[in-house]
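>>> Here is my input; please provide its structure:
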Amino acid sequence: MRRPATPYARSRGQFGPVPGESPSAAHPLLPSRLGLLHLYAHRKERLMAGQSLNGKRIAFLATDGFEQVELTRPWEEIRKAGADVELIALRSDEIQGMHHAEKGDRFKPDKTVSEVDAVDYDGLVLPGGVANPDELRLDKHAVRFIRSFFDQSKPVAAICHGPWTLIEADVVAGRTVTSWPSLKTDLKNAGAQWVDAEVQVDNGLVTSRKPDDLDAFCAKAIEEFAEGVHLGQPHGKRPEAART
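Residues are numbered from 1 along each chain as shown. Prediction:
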C-alpha cells in the first residue's frame with residue numbers, strides 16, 4: 001500500500017489500531033487526538049496573527065482628554081495588520097492624550113470630523129478617556145460621523161468611556177455591549193444589554209472595558225474590520241422614556 005502524502009490524507013476510520021494499541025502508535029504518521037487539538041489551536045493563532053487589513057482604511061475619532069494607550073495601541077496593531085489609519089478630531093489643532101489623570105503626548109489630527117464621511121472608511125475606533133467622549137457627543141458632526149458607520153453596516157470598536165458617543169448616536173438599542181462600569185446605567189437606559197467582559201462582539205460592534213483589555217480588544221477589532229460590512233447590522237433609537 002502506498003504511504004499517503006500527508007498524515008491527513010487518510011479518511012477517518014479507514015485504518016483501525018491493533019487492539020490495545022493507540023492510533024498514533026499503530027500509524028506513526030497519524031497524529032493523536034491531543035496532537036490534532038494542538039495543531040488546530042496553533043493554526044488558529046497563526047490565522048489570527050496573519051489577519052490582513054491590506055487596502056482598508058480605519059478612522060480613529062478623538063479629541064482632548066482621550067486615554068492615550070487606548071488610541072496608540074490599537075493604532076499600532078491595526079497598522080501592523082496592513083490598514084491605513086487616520087486620526088480624526090473636532091479641530092485641526094493638536095489634541096491632548098492622557099495617562100489616566102496625568103497629561104501624556106499631543107497628537108496632530110489628519111482631518112477634522114466636519115470634512116470626513118464614513119463612506120471613505122472601512123471601520124471606526126473610539127478610544128476612551130472621560131473628557132474625550134464627553135466632548136465628542138456634544139458635537140453634531142462627530143455624532144453624525146459615528147452614526148453613519150452603523151447606517152452603512154460598517155464595524156466599530158469602542159473602549160472604556162468610548163461607548164458614551166454611541167448613546168448619543170442612538171445606535172446601542174438592542175445591542176450587547178461592555179464599557180467602563182460607570183457607563184452601565186447610561187447604556188442600559190439607552191436600550192443596550194450591558195455585560196462585564198474584557199471584550200464583547202455584537203455583529204460588527206466591538207466594545208471593551210479598560211486598558212487592561214486591549215489585547216482582546218485589538219484582536220477582535222482587527223477580526224471585525226477584516227470581515228468588513230456586516231449586512232443587517234442592527235441599530236435603533238433609544239427608548240423614548242430614556243431621552244432627555
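>>> hey, let's count contacts and neighbours off CA atoms from now on
Noted.
>>> can you pull out the strands in the chain?
For the chain, applying DSSP state E gives strands covering 57-61, 66-67, 84-89, 95-99, 102-107, 111-112, 123-126, 156-159, 176-177, 193-194, 200-202, 205-208.
>>> In TSV, list these along with mean pLDDT and distance to residue 74.
Putting the strands of the chain into TSV (pLDDT from 0 to 100; distance: least, Cα to Cα, whole Å) gives the following:
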stretch	mean pLDDT	distance to residue 74
strand 57-61	98	9
strand 66-67	98	12
strand 84-89	98	10
strand 95-99	98	14
strand 102-107	98	15
strand 111-112	98	19
strand 123-126	98	8
strand 156-159	98	10
strand 176-177	98	19
strand 193-194	98	23
strand 200-202	97	16
strand 205-208	98	12
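>>> Quick check: which of those is nearest to residue 166?
Closest approach to residue 166 among these (Cα to Cα): strand 156-159, 8.6 Å.
>>> Could I get the full set of helices for the protein?
For the chain, applying DSSP state H gives helices covering 23-26, 33-49, 69-80, 131-136, 140-151, 163-168, 184-189, 214-227.
>>> got CSV for those, with mean neighbour count, mean pLDDT and distance to residue 175 too?
What follows is the helices of the chain, written out as CSV (neighbours: other Cα atoms under 10 Å; pLDDT from 0 to 100; distance: least, Cα to Cα, whole Å):
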stretch, mean neighbour count, mean pLDDT, distance to residue 175
helix 23-26, 15, 44, 47
helix 33-49, 12, 47, 25
helix 69-80, 19, 98, 22
helix 131-136, 21, 98, 19
helix 140-151, 20, 98, 12
helix 163-168, 25, 98, 11
helix 184-189, 18, 98, 10
helix 214-227, 21, 98, 16
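>>> Out of those, which is closest to residue 107?
Put simply, out of those the one that sits nearest residue 107 is helix 69-80, at 10.3 Å, with distance taken as Cα to Cα.
>>> Identify the residues contacting that closest one?
Helix 69-80 is contacted by residues 53, 60, 85, 99, 126, 127, 128, 159, 211, 214, 218, 222 when judged by Cα atoms under 8 Å, 6 or more residues apart in numbering.
>>> Apply 6 Å and report the result again.
127, 218 (Cα atoms under 6 Å, 6 or more residues apart in numbering).
>>> Now do the buried residues in stretch 196-211.
198-201, 203-211 (16 or more other Cα atoms under 10 Å).
>>> what's the nearest residue to residue 136 if we skip its chain neighbours?
For residue 136, the nearest residue in space outside its immediate sequence neighbours is residue 142; the separation is 6.0 Å by Cα to Cα, 6 or more residues apart in numbering.
>>> Compute the distance between the residue most central in space within the chain and residue 135, please.
Closest to where the C-alpha atoms of the chain average out (Cα atoms, centre = their mean) is residue 221, at 2.1 Å. In this structure, residue 221 and residue 135 are 24 Å apart, going by Cα to Cα, to the nearest Å.
>>> Quick check: the gap between residue 91 and residue 148.
On the measure of Cα to Cα, residue 91 and residue 148 end up 20 Å apart.
>>> repeat for residue 109
As judged by Cα to Cα, residue 109 and residue 148 stand 20 Å apart.
>>> And for residue 163?
Applying Cα to Cα, the value for residue 163 to residue 148 is 15 Å.
>>> got it, and residue 168?
Residue 168 is 13 Å from residue 148, where distance means Cα to Cα.
>>> hang on, the earlier thing: could you report the distance from the residue nearest to the centre of the chain to residue 210?
In this structure, residue 221 lies at 15 Å from residue 210, with Cα to Cα as the measure.
>>> again, but for residue 178
Counting by Cα to Cα, the separation of residue 178 from residue 210 is 10 Å.
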